[in-house]
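Chemist: Any chance you could fold what I've pasted below:
(chains A and B)
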Protein chains: 2
Amino acid sequence: MSFYDATVPAYLQILSSLSGLLAKAEAHCEAKKIQPEVLFGARLYPDMLPFSKQIQLACDFASKGCARLSGSEVPSTPDTEKSFAELKQRLSNTIGYLKTFKPAQFEGGERKEITFPVGPNSNLTLKGQEFVNRFSFPNFYFHAATAHGILRHNGVEIGKRDFLGVA
Amino acid sequence: MSFYDATVPAYLQILSSLSGLLAKAEAHCEAKKIQPEVLFGARLYPDMLPFSKQIQLACDFASKGCARLSGSEVPSTPDTEKSFAELKQRLSNTIGYLKTFKPAQFEGGERKEITFPVGPNSNLTLKGQEFVNRFSFPNFYFHAATAHGILRHNGVEIGKRDFLGVA
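Modeler: Purely as a prediction, here's the structure:
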């Protein structure tokens, strides 16, 4: 099997569905006269990260994950998005970046040792497949599903089918 | 690479971390004199599924996913858990079931056509890798992260490190 097939399309599936969630969230804000920045700042608990940061982190875990797995330069994207248009562009840019990868770049990536930061002063080294199983996928899906949960909690009319990208 | 390595350990990582979340949730209920069934019934929105069902579904998407990918009989587990002990046992049983699989059972599973229900009256057929990318992983992580979000929203002192299983 191809390590590319087990990674890049999985990220793309959810990045695309997050774009759909943003479209429904934007329509909800317009219909209910909600200021977008209120929703962007919504959290499930005061010490959790807000909605916009969940989207930004989902993008980062996808793009940085693919960069590390393919041995590419790890991109750094400042979190400057303050509107639906900008958040949609962030997702679109991430999707475009992931689509630049070719399967050959991931060959053998499952066995390659990957060293990555797990805090301000610490790194961890895992084989590529372990990096995906224990770090990249759990973080990526965590932020994507938490973004969905924040929207649901705020009354946006979405459901799991939107998260899966089949709505 | 091995299709087993790309699936079974990924599910196990999060099933194990959910066991840790349950332990912290149970301690929280004891310390705050919260009836466990109140937390089990907690939801992020009234038409969403409650906490206990999120755990049950995460278990099901892991066990049924591995069964389908390996061509094994798909297990069916009634959702009868009403206590922390029973929810922990459900997770433990699921972990035990996943550990019975051998890598050889997943060989070629990425290309095998898998037909699975996507509603009461409809099935979908996808190749094994697509089944993982588009259905099994997104559903599995969705319910696991939503369970985490419900606990966070209710003040249980956990964080992403607990979800990742590194706390």
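Chemist: From now on I want contacts and neighbour counts done on CA atoms only, so please keep to that.
Modeler: Will do.
Chemist: What ranges does chain A have for its helices?
Modeler: Counting by DSSP state H, one finds helices in chain A at the ranges A:8-32, A:36-40, A:51-70, A:84-98, A:128-131, A:137-153, A:160-164.
Chemist: quick one: average pLDDT of the third one?
Modeler: Per-residue pLDDT values over helix A:51-70 give a mean of 98.
Chemist: Quick one: list the elements packing against that helix.
Modeler: helix A:8-32, helix A:36-40, helix A:84-98, helix A:137-153 (3 or more C-alpha pairs under 8 Å, 6 or more residues apart in numbering or on different chains; DSSP states H and E).
Chemist: right, so these: which one is the most enclosed?
Modeler: helix A:137-153 (a mean of 25; mean count of other C-alpha atoms under 10 Å in any protein chain shown).
Chemist: what comes into contact with it?
Modeler: Outside of helix A:137-153, the residues within contact range by C-alpha atoms under 8 Å, 6 or more residues apart in numbering or on different chains are A:11, A:14, A:18, A:21, A:25, A:39, A:42-44, A:51-52, A:54-55, A:57-59, A:61-62, A:132, A:158-159, A:163, B:14, B:44-45, B:138, B:141-142, B:145-146, B:149, B:163-164.
Chemist: do the same with stretch A:16-24
Modeler: Stretch A:16-24 is contacted from outside by A:55, A:84, A:88, A:91-92, A:95, A:144, A:148, A:156-158, A:162-165, using C-alpha under 8 Å, 6+ apart.
Chemist: again, 10 Å this time
Modeler: Contact partners of stretch A:16-24, identified using C-alpha atoms under 10 Å, 6 or more residues apart in numbering or on different chains, comprise A:12, A:14-15, A:25-28, A:30, A:55, A:58-59, A:84-85, A:87-92, A:94-95, A:144-145, A:147-148, A:151, A:156-159, A:161-167.
Chemist: gap between that stretch and the chain center?
Modeler: With C-alpha atoms, centre = their mean, to the nearest Å as the basis, stretch A:16-24 stands 12 Å off its chain's centre.
Chemist: Can you name the residues that contact the residue nearest in space to the middle of chain A?
Modeler: For chain A, residue A:58 is the residue whose C-alpha lies nearest the centre (C-alpha atoms, centre = their mean; 1.9 Å). For residue A:58, the set of contacting residues under the criterion of C-alpha under 10 Å, 6+ apart consists of A:11, A:14-15, A:18, A:91, A:94, A:136-137, A:139-147.
Chemist: Name the nearest residue to it, ignoring sequence neighbours.
Modeler: residue A:140 (4.9 Å; C-alpha to C-alpha, 6 or more residues apart in numbering or on different chains).
Chemist: Which secondary structure element of chain A has the lowest mean pLDDT?
Modeler: Using mean pLDDT, DSSP states H and E, the weakest-scoring helix or strand in chain A turns out to be strand A:113-119, at a mean of 94.
Chemist: which strands and helices sit next to it?
Modeler: Counting by 3 or more C-alpha pairs under 10 Å, 6 or more residues apart in numbering or on different chains; DSSP states H and E, the packing neighbours recorded for strand A:113-119 are helix A:51-70, strand A:122-127, helix A:128-131.
Chemist: 7 Å instead?
Modeler: For strand A:113-119, the elements it packs on are strand A:122-127, judged by 3 or more C-alpha pairs under 7 Å, 6 or more residues apart in numbering or on different chains; DSSP states H and E.
Chemist: Need the contact partners of the strand it packs on.
Modeler: For strand A:122-127, the external contacting residues (C-alpha atoms under 7 Å, 6 or more residues apart in numbering or on different chains) are A:110, A:111, A:112, A:113, A:114, A:115, A:116, A:117, A:118.
Chemist: swap in stretch A:63-76?
Modeler: Residues from elsewhere that reach stretch A:63-76 (C-alpha under 7 Å, 6+ apart): A:94, A:98, A:105, A:106, A:109, A:114, A:128, A:136.
Chemist: Mind doing that once more with 8 Å?
Modeler: The set of residues that contact stretch A:63-76 without belonging to it, under C-alpha under 8 Å, 6+ apart, is A:7-8, A:94, A:97-98, A:105-106, A:109-110, A:112, A:114, A:128, A:132, A:136.
Chemist: wait, which of the residues you listed is closest to chain B?
Modeler: Using C-alpha to the nearest C-alpha, residue A:110 comes nearest to chain B of those, at 6.7 Å.
Chemist: just checking, that closest one touches residue A:129?
Modeler: Yes - Residue A:110 is within contact range of residue A:129, at 4.4 Å (criterion: C-alpha atoms under 8 Å).
Chemist: When these two are compared, which one has more neighbours?
Modeler: Neighbours per residue (other C-alpha atoms under 10 Å in any protein chain shown) separate residue A:110 from residue A:129, with residue A:129 holding more: 28 against 24.
Chemist: neighbours of residue A:65, just the number please.
Modeler: 28.
Chemist: Next one: the residue nearest to residue A:163 when sequence neighbours are not counted from chain B, what distance?
Modeler: Once its chain neighbours are removed from consideration, residue A:163 has its nearest residue in residue A:17; the separation is 5.7 Å (C-alpha to C-alpha, 6+ apart). When C-alpha to the nearest C-alpha, to the nearest Å is the yardstick, residue A:17 and chain B sit 11 Å from each other.
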